[in-house]
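Engineer: Pasting a predicted model and its sequence here:
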Amino acid sequence: MNEFEIFNQTDRDIPELETVKSVLQHAVVKEKLENVIFNVIIVDNDYIHELNKNYRNIDRETDVITFALEDEKDMVAPVGERVLGDIYISIDKAISQAEEYGHSLLRELSFLAVHGFYHLLGYDHMTEEEEKVMFSKQEEVLHECKIER
């Protein structure tokens with residue numbers, strides 16, 4: 001059984017999160033994952049700025065940060081389970097990027113959540129080829145869930 005939760009640690013009401021959860025569920029099924037556990041945590045710019053500064057030595061806010069626990073050599077998951085990690089999303093950045101890109105907050109939050117999900121699975125976009133693979137997977141999930149620009 002797959003378990004993931006979305007925690008809103010802001011004072012904003014974000015009704016889009018229900019749909020984001022179903023988009024992530026679709027991604028989990030699409031990737032044929034079983035017994036995975038992960039969290040999505042919605043935070044503000046100040047909080048994600050501190051995470052970025054403390055864990056990546058980048059002194060500014062960002063839109064999404066993932067902590068992939070499977071990357072940790074000494075991480076031991078319960079037998080039969082994969083504890084993927086945590087996805088932190090800045091609601092402030094999501095709102096400003098949705099406006100900047102001219103699409104809905106739902107589209108931006110869904111994109112950031114799915115982007116973070118694929119990072120948890122070990123995908124990256126450091127090279128052109130990696131980016132092509134990762135972004136193709138993301139866009140396919142979003143398209144299948146009818147989350148369009």
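Structural biologist: Perfect, I can see it now. Residues are numbered from 1 along each chain as shown.
Engineer: Low-confidence stretches in this protein?
Structural biologist: Across the chain, the ranges flagged by pLDDT under 70 are 71-79.
Engineer: Mind jotting down where the helices sit in this structure?
Structural biologist: Secondary structure of the chain (DSSP state H): helices at 17-30, 45-56, 91-101, 105-120, 128-144.
Engineer: who wins for proximity to residue 7 among these?
Structural biologist: helix 17-30 (9.5 Å; Cβ to Cβ). No exception for glycine: its C-beta is placed from N, CA and C like everyone else's.
Engineer: Deepest-packed of the helices of the chain, please.
Structural biologist: Ranked by mean neighbour count under mean count of other Cβ atoms under 10 Å, the helices of the chain are led by helix 105-120, which reaches a mean of 23.
Engineer: What angle do helix 17-30 and that one make with each other?
Structural biologist: 40 degrees (axes from the mean of the first three to the mean of the last three Cα atoms, to 10 degrees).
Engineer: If you drop the residues flanking it in sequence, what lies closest to residue 9?
Structural biologist: Nearest residue to residue 9 in three dimensions, chain neighbours excluded: residue 43, at 5.2 Å (Cβ to Cβ, 6 or more residues apart in numbering).
Engineer: next one: residue 17
Structural biologist: residue 6 (5.2 Å).
Engineer: that older thread, quick one: which of the helices of the chain is nearest residue 85?
Structural biologist: Between residue 85 and the helices of the chain, the shortest gap by Cβ to Cβ is with helix 105-120, which sits at 5.1 Å.
Engineer: Would you mind pulling the contact partners of stretch 1-17?
Structural biologist: 20-21, 24-25, 28, 33-44, 47, 91, 104-106, 109-110 (Cβ atoms under 8 Å, 6 or more residues apart in numbering).
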